[in-house]
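Undergrad: Structure for this input, please:
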Amino acid sequence: MTSPELSEKPSGPKDTPGSPSHSHYWTLQCQVESGWEELWEWYCFEHGALGTEQRSAPEGFQSVAYFPEDPSISLKNLHQQFNASIAGNLEAVRIHALNFREEEDWQSNWKPFFKPVQIGNTLEVLPPWLSSTESSRKNRILIDPGQGFGTGHHTSTALALELLEQCLESCPVKPHWMLDFGSGSGILSIGACLMGCEKCIALELEGDALKDVISNSELNQLQHRIMPLRANKNCFNKTFPLVISNMLLSELKQSSTDLASSVAEEGRLLLSGILEDQVSELERIFTILGFVPSKKITRDGWSALELSR
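TA: Numbering: from 1, shown residues only. A predicted model of the protein is given here:
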């Protein structure tokens, strides 16, 4: 068995004011056994990954996870922590390479693997360089992912869009305003507007992703209907008939009070980014906050919830 390729972080000039926050990044390439790929992807995001790619391999999957220049954990031991704490000491993940790279490499690496994906009854998500292709889908979302999570390829994003579609289809009157809490690439805001919501506030918890929301809104000619907003202590004074959030459990728990206070009386809250065995915990939290679970959809070990006031 060959040893994994582990590179050292090179010395060099620091970022200057106004430069991108992730001008360099780490790539962690691993071999993942079949059945563990979704949990490994979740584990990487839980530990600060900026994005992931997965490709089929002869034995399981090849995973590439992208981490910021100064990660808060030891990346070369991350797979061992996963195997011990999640996989029951099975060798579910094996490291192949850990490399330090320039940001441009990551941006260009997305293109060959970002293909159109159809979601629900009417939605299709595709990159702008494929916008001229023909499709029978009514609502086509153009996404250039940049550094904002949400391309439609991850199950949690697909489930969020599917649940949003079902929710809006059941509304006799489409909401005039809705809130996309933790908007990432802006994909949910764009989908909501294409499906009939008049306007959407795209609330971003990380300021760096706002540029992606703005860019993707313009790609879809929705810049006058999607309002990007960086989260602050004064942004939860307004309530909305519909609120959606696609974040990991730890973030949903941390933001649960703000999420609950953003939903109007008789409004609905849509949550995704939850593993199937985490659903009961999240339902308990929001039941205490005055919500009643009204719908759940599950796929590939992930779930999305609709809760009502």
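Undergrad: The residue lying closest to Phe286 once chain neighbours are set aside: neighbour count?
TA: Setting aside the residues directly before and after it, Phe286 is nearest to Leu307 in space (C-beta to C-beta, 6 or more residues apart in numbering), at 5.4 Å. C-beta coordinates here come from the backbone N, C-alpha and C atoms, glycine included. Using other C-beta atoms under 10 Å, Leu307 is surrounded by 25 other residues.
Undergrad: so where does Leu307 fall, helix or strand?
TA: Applying DSSP states H and E as the criterion places Leu307 in strand 302-308.
Undergrad: Name the residues of stretch 302-309 that are buried.
TA: Judged by neighbour count using 16 or more other C-beta atoms under 10 Å, the buried positions of stretch 302-309 are 302-307, 309.
Undergrad: so what's the residue nearest to Phe286 bridging to?
TA: Leu269, Pro293 (DSSP bridges).
Undergrad: what's the answer for Phe181, then?
TA: Beta-bridge partners of Phe181, as defined by DSSP bridges: Leu203.
Undergrad: Which pLDDT value goes with it?
TA: pLDDT for Phe181: 95.
Undergrad: How many residues are close by it?
TA: 29.
Undergrad: ok, back up a step: can you pull the contacts of the residue nearest to Phe286?
TA: 268-271, 283, 286, 291-294 (C-beta atoms under 8 Å, 6 or more residues apart in numbering).
Undergrad: for the stretch 151-300 of the chain, what spans make up the helices?
TA: Assigned by DSSP state H, counting those that start in this stretch, the helices in the stretch 151-300 of the chain fall at 155-169, 187-194, 210-219, 249-254, 256-261, 279-288.
Undergrad: Just send these back as JSON lines, with mean pLDDT and mean neighbour count too.
TA: Supplementary listing: these in JSON lines, determined by pLDDT from 0 to 100; neighbours: other C-beta atoms under 10 Å:
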{"stretch": "helix 155-169", "mean pLDDT": "94", "mean neighbour count": "23"}
{"stretch": "helix 187-194", "mean pLDDT": "96", "mean neighbour count": "28"}
{"stretch": "helix 210-219", "mean pLDDT": "88", "mean neighbour count": "20"}
{"stretch": "helix 249-254", "mean pLDDT": "90", "mean neighbour count": "16"}
{"stretch": "helix 256-261", "mean pLDDT": "94", "mean neighbour count": "18"}
{"stretch": "helix 279-288", "mean pLDDT": "97", "mean neighbour count": "15"}
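Undergrad: so which of those gets nearest Leu98?
TA: Of all the helices of the stretch 151-300 of the chain, helix 249-254 sits nearest to Leu98, with 24.3 Å by C-beta to C-beta.
Undergrad: can I get the CA coordinates of the closest one in PDB?
TA: Below are the C-alpha coordinates for helix 249-254, written out as PDB (Å, rounded to 0.1, in the frame of the first residue of the first chain):
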ATOM      1  CA  LEU A 249     -28.000  20.100  12.400                       C
ATOM      2  CA  SER A 250     -25.400  22.000  14.600                       C
ATOM      3  CA  GLU A 251     -26.200  25.300  12.700                       C
ATOM      4  CA  LEU A 252     -30.000  24.700  12.800                       C
ATOM      5  CA  LYS A 253     -29.800  24.100  16.600                       C
ATOM      6  CA  GLN A 254     -27.700  27.200  17.100                       C
END
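Undergrad: name the helices or strands packed onto that helix?
TA: For helix 249-254, the elements it packs on are strand 263-275, helix 279-288, judged by 3 or more C-beta pairs under 8 Å, 6 or more residues apart in numbering; DSSP states H and E.
Undergrad: Let me have those in TSV, adding distance to Trp26 as columns.
TA: Below are the helices and strands packed on helix 249-254 laid out as TSV (distance: least, C-beta to C-beta, whole Å):
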stretch	distance to Trp26
strand 263-275	23
helix 279-288	31
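Undergrad: and Asn89, which of the ones you listed is closest to it?
TA: Shortest distance between Asn89 and the helices and strands packed on helix 249-254, using C-beta to C-beta, is found for strand 263-275: 20.1 Å.
Undergrad: Help me confirm that Leu271 comes into contact with Ala304.
TA: Yes: using C-beta atoms under 8 Å, Leu271 is in contact with Ala304, at 6.7 Å.
Undergrad: List the contacts of stretch 79-88.
TA: Contacts with stretch 79-88, where a contact means C-beta under 8 Å, 6+ apart, come from 30, 36, 39-40, 43, 89-95.
Undergrad: How about stretch 268-284?
TA: Surrounding stretch 268-284, the residues in contact under the criterion C-beta under 8 Å, 6+ apart are 39, 42, 156-157, 159-160, 163-164, 167, 241-249, 251-253, 259-260, 263, 286, 291, 293-294, 296, 298, 301-309.
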